[in-house]
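[1] Turn this into a structure:
(chains A and B)
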Amino acid sequence: MADIKQLFGKKRRGSLITLGMVVVAYLVVNALMMGGVISNSLTGQLVPICAYIVMAVSLNLVVGVSGELSLGHAGFMSIGAFVGVTSATMLADVLPGPARLVASLVIGGLFAALAGFLIGIPVMRLHGDYLAIVTLAFGEIIKNILNNLYVGMDAYGLHFSMKSSAALGMQGGSIIINGPQGAAGIVKLSTFLAGFLLVIFALLVVLNLVNSRSGRAIMAVRDNRIAAESVGINTTKYRLMAFVVAAALAGMAGALYAQNYSSIVPKKFDFNTSILVLVFVVLGGMGNIRGSVISATILTILPEALRVVADYRMLIYAVVLIVVMIASNNPFLKQKREQLRRKFRKWRGPSSGGPTPDPVAIEGGDAQ
Amino acid sequence: MGILSNLINGASLGSIYAIIALGYTMVYGIAKMLNFAHGDVIMVGGYTCFCCMSYLGVHPALAVLASVVVCTLLGIIVERLAYKPLRNAPSLDVLITAIGVSYFLQNAALLIWGSDPKSFTSVVGTGSFTLFDGQLTINVTTLVAVVANIVVMVALTLFTQRTKMGKSMRAVSEDKGAAQLMGINVNKTISMTFAIGSGLAAIAGVLLCSAYPTLMPTTGAMPGIKAFVAAVLGGIGSIPGAMLGGILLGIIEIFARAYISSQMADAIVFGVLIVVLLIKPAGLLGKEIREKV
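    This is a model prediction of the structure:
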């Protein structure tokens, strides 16, 4: 036991538990699918769930680990989605299906990262609620631009226009992105396996970053920017690093998400989607990567599971959100939970190493 | 004349934004929370007014009064049930709760009134008058929005400067702890702020629906976000800032629609916000707080 601990360390062990959990969930779902237990509507949700997990994990890197409230995360997803679809169409004759999907994810992620970098430079000059509102503004701007973007491809290559599909001046060929109508006729390349692998990739990236020197620097900046700066940490660099990595992962999630449907519109990635992902992060626990995975899964399934109560499902979802927030901040319930935790530790005995906090649970606290 | 007409329309739209932004900024100043459900209170105000006029046949003035009363009560109830238990919670938890309230109001409206848009009849009629030999036409609705904004502004300034409640509001926004030590009932003050903000949202809702007469459960969402932007543009927490930010935003939006591109107007509005915040990080009239080490 002691050797394993030395080998992996406490934090590594926490990361392994998270990864193991995802692998087990993947195997169980696959087994259930083969058994025919899972309904069709849920099978259709599998890729979106994976995309939302990646979104939640990446946003957690910004909101929980780096401590900056971002309200425009769906914008990066949108860039990844449309760049991914465009690149997949361009590569249609060059690469076979799976390789094309990987290529489109990478290209989508790169473009989103580039956007994250360009947006991040001005955004990182601000703090707190002002930073939040600027990310919201950028998210809306991205949506607005994509809503007016026309992209077509013919024998001469790609054509762009911000006016109309007629202005593309195409010689035959096909329109890939058609303004507000978005992209249609997308080849469905995304599979549950691809989604699972992307989740694993995102977890590896984020968990490794969090447990690295850079990750500790990011958290130091979150906890006390001035103190971090005074010991020689380049605060802008590390805040930007978290922001760009999160944008890249969101772009990949977007590319995965888009290629699960035959058509996709820019309006899908609006402010409400950003908020939805933020809800996953906060309910899962700020800075708690494992929590993000779990809450993204449950909260994506919840509205589907509530289909029984049809019209009332979103109403119930809203009440659940409010009640969970109030309950988790209730002093009486907090005390009870702490008592339960202490009892659990006593019961596990001293071999587990006494009062070790949850390895990946980094105290989030205020994001101001 | 085109410019003048756009300027008036912009000021009118901006007045509506300003009245909504006042609710945001007052609540932020006092409770330090971003009340994302504020936009949906506008929608509730619109529906209440619509129901009173179309189903009950009430006089428009009474309908407006009814929607103000309903929204004020709604604001107080929401504050009591959802926000009060979270007084000492992390700010993001309060934000998520506000989002929950927003979902709740939108979906409750969807259940009650359905998703098909209702066409709202303007509370002040559809009349218009012309100036400069018919070169300039102004809608009554446009004018009423501007006048309402001025009245609200004057009333609110008098309220915060002269009355005891207004003074205690300013005190709480300045320093909650100190205000409490001076014997101010902080909880009551916060409830009062929500009540006033929601009452203003009802007025904004009626004006908004009079100017843009389609009423849906999501009607309040976009104006809510824009008004929030307006509040930040002017410097969140500052009442004159909300006024200035709102009117500027309205004028920029209308001008962008008229002279640049109607599709890109929203992007331009948000672009202006970003530029302003980069030059003045605390907004136009916001107080720059120096960090002390």
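[2] Number of residues surrounding B:Gly166?
    Here the number of neighbours of B:Gly166 (other CB atoms under 10 Å in any protein chain shown) works out to 18. Just so you know, the C-beta spots here come from the backbone N, C-alpha and C atoms, and that holds for glycine as well.
[3] just checking, it is part of a helix?
    Yes: counting by DSSP: H, G, I helix; E, B strand; the rest coil, B:Gly166 falls inside a helix.
[4] which residues does it contact?
    B:Phe159, B:Thr160 (CB atoms under 8 Å, 6 or more residues apart in numbering or on different chains).
[5] again, only using 10 Å
    B:Gly166 makes contact with B:Leu156, B:Thr157, B:Leu158, B:Phe159, B:Thr160, B:Thr189, B:Met192, B:Ile196, according to CB atoms under 10 Å, 6 or more residues apart in numbering or on different chains.
[6] where's A:Ser214 relative to chain B, distance?
    Plainly put, A:Ser214 is 24 Å away from chain B if you go by CB to the nearest CB, to the nearest Å.
[7] Surely that residue and A:Leu240 touch.
    No: look at A:Ser214 against A:Leu240 with CB atoms under 10 Å: they stay out of range, at 11.3 Å.
[8] Write a ChimeraX command that selects only the buried members of the contacts of B:Gly166.
    Remark: buried members of the contacts of B:Gly166, expressed as a ChimeraX selection using 16 or more other CB atoms under 10 Å in any protein chain shown:
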select /B:156,160,189,192,196
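[9] Of the contacts of B:Gly166, which is the nearest to B:Asp40?
    If you rank those by distance to B:Asp40 using CB to CB, B:Ile196 comes first, at 17.2 Å.
[10] So that closest one, which state does it fall into?
    Assigned with three-state DSSP, B:Ile196 falls in the helix class.
[11] What's the mean pLDDT across stretch A:347-354?
    Stretch A:347-354 comes out with an average pLDDT of 52.
[12] can I get the CA coordinates of whatever helix or strand A:Leu276 lives in in CSV?
    Using DSSP states H and E, the element containing A:Leu276 is helix A:271-284. C-alpha atoms of helix A:271-284 as CSV (Å, rounded to 0.1, in the frame of the first residue of the first chain):
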residue,chain,number,x,y,z
PHE,A,271,-25.7,32.2,-23.9
ASN,A,272,-28.1,29.5,-22.5
THR,A,273,-25.6,26.7,-23.5
SER,A,274,-22.8,28.6,-21.7
ILE,A,275,-25.0,28.8,-18.7
LEU,A,276,-26.0,25.1,-18.9
VAL,A,277,-22.3,24.1,-18.8
LEU,A,278,-21.6,26.6,-15.9
VAL,A,279,-24.4,24.9,-14.0
PHE,A,280,-22.7,21.5,-14.5
VAL,A,281,-19.5,23.0,-13.1
VAL,A,282,-21.0,24.6,-10.1
LEU,A,283,-23.2,21.7,-9.1
GLY,A,284,-20.3,19.3,-9.6
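[13] what's the following helix or strand after that helix?
    helix A:289-305.
[14] by contact count, what packs against that next one?
    helix A:2-35, helix A:40-60, helix A:192-210, helix A:271-284, helix A:313-328 (3 or more CB pairs under 10 Å, 6 or more residues apart in numbering or on different chains; DSSP states H and E).
[15] export these to JSON lines and tack on mean pLDDT and distance to chain B?
    Below are the helices and strands packed on helix A:289-305 laid out as JSON lines (pLDDT from 0 to 100; distance: least, CB to the nearest CB, whole Å):
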{"stretch": "helix A:2-35", "mean pLDDT": "76", "distance to chain B": "22"}
{"stretch": "helix A:40-60", "mean pLDDT": "89", "distance to chain B": "12"}
{"stretch": "helix A:192-210", "mean pLDDT": "92", "distance to chain B": "19"}
{"stretch": "helix A:271-284", "mean pLDDT": "87", "distance to chain B": "5"}
{"stretch": "helix A:313-328", "mean pLDDT": "83", "distance to chain B": "3"}
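[16] Adding mean neighbour count, write the ones you listed out as TSV.
    What follows is those, written out as TSV (neighbours: other CB atoms under 10 Å in any protein chain shown):
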stretch	mean neighbour count
helix A:2-35	14
helix A:40-60	23
helix A:192-210	20
helix A:271-284	24
helix A:313-328	18
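[17] With distance to B:Ala282 as new columns, can the ones you listed be given to me in JSON lines?
    Formatted as JSON lines, the helices and strands packed on helix A:289-305 follow (distance: least, CB to CB, whole Å):
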{"stretch": "helix A:2-35", "distance to B:Ala282": "38"}
{"stretch": "helix A:40-60", "distance to B:Ala282": "26"}
{"stretch": "helix A:192-210", "distance to B:Ala282": "32"}
{"stretch": "helix A:271-284", "distance to B:Ala282": "23"}
{"stretch": "helix A:313-328", "distance to B:Ala282": "29"}
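[18] ok, now which ones touch B:Thr160?
    Contacts of B:Thr160 were listed using CB under 10 Å, 6+ apart, and they are B:Met26, B:Gly166, B:Lys167, B:Ser168, B:Met169, B:Arg170, B:Ser173, B:Ile196, B:Ile239.
[19] Hmm, I typed the wrong one, I wanted A:Val62.
    Residues in contact with A:Val62, defined by CB under 10 Å, 6+ apart, are A:68-70, A:73, A:116, A:120, A:135, A:218, A:239, A:242-247, A:250, A:278, A:281, A:367.
[20] how about 6 Å then?
    A:Glu68, A:Ser70, A:Ala242, A:Phe243, A:Ala246 (CB atoms under 6 Å, 6 or more residues apart in numbering or on different chains).
[21] Quick check: nearest residue in space to the fourth one, chain neighbours excluded?
    Meaning A:Phe243. Among residues not flanking A:Phe243 along the chain, A:Gly120 sits closest, at 4.5 Å (CB to CB, 6 or more residues apart in numbering or on different chains).
[22] if I look at the one you found, how far off is A:Phe76?
    Distance, A:Gly120 to A:Phe76, by CB to CB, to the nearest Å: 11 Å.
[23] more neighbours, these two?
    More crowded of A:Gly120 and A:Phe76, by other CB under 10 Å: A:Phe76, with 37 against 24.
[24] Let me see the contact set for the more buried one.
    Residues near A:Phe76 by CB under 6 Å, 6+ apart: A:Ala112, A:Ala247, A:Ala250, A:Gly251.
[25] rerun that using 8 Å as the cut-off
    Under the criterion of CB under 8 Å, 6+ apart, the neighbours of A:Phe76 are A:Ala112, A:Ala115, A:Gly116, A:Ile142, A:Ala246, A:Ala247, A:Ala250, A:Gly251, A:Gly254.
[26] Next: A:Gly254.
    Contacts of A:Gly254 (CB under 8 Å, 6+ apart): A:Ala51, A:Phe76, A:Met77, A:Ser78, A:Ile79, A:Gly80, A:Ala81, A:Phe82, A:Gly84, A:Gly108, A:Ala112, A:Phe269.
[27] Swap in 6 Å and give it another go.
    If a contact means CB under 6 Å, 6+ apart, then A:Gly254 has A:Met77, A:Gly80, A:Ala81 as its contacts.
[28] Quick check: nearest residue in space to it, chain neighbours excluded?
    With CB to CB, 6+ apart, the residue lying closest to A:Gly254 is A:Gly80, at 3.1 Å.
[29] Quick check: which element contains that neighbour?
    Taking DSSP H and E as the criterion, A:Gly80 maps to helix A:73-90.
[30] Now the next helix or strand after that helix: buried residues?
    Downstream of helix A:73-90, the next assigned helix or strand under DSSP H and E is helix A:97-123. Residues of helix A:97-123 classed as buried: A:100-116, A:119-120, A:123 (neighbour count, 16+ other CB under 10 Å).
[31] How about the very next helix or strand once past helix A:97-123 and chain B, any contact?
    Remark: after helix A:97-123, the chain's next helix or strand is helix A:128-147, criterion DSSP H and E. Yes: using CB under 6 Å from any CB of the partner chain, helix A:128-147 reaches chain B at A:Tyr130, A:Ile133, A:Val134, A:Ala137, A:Glu140, A:Ile141, A:Asn144.
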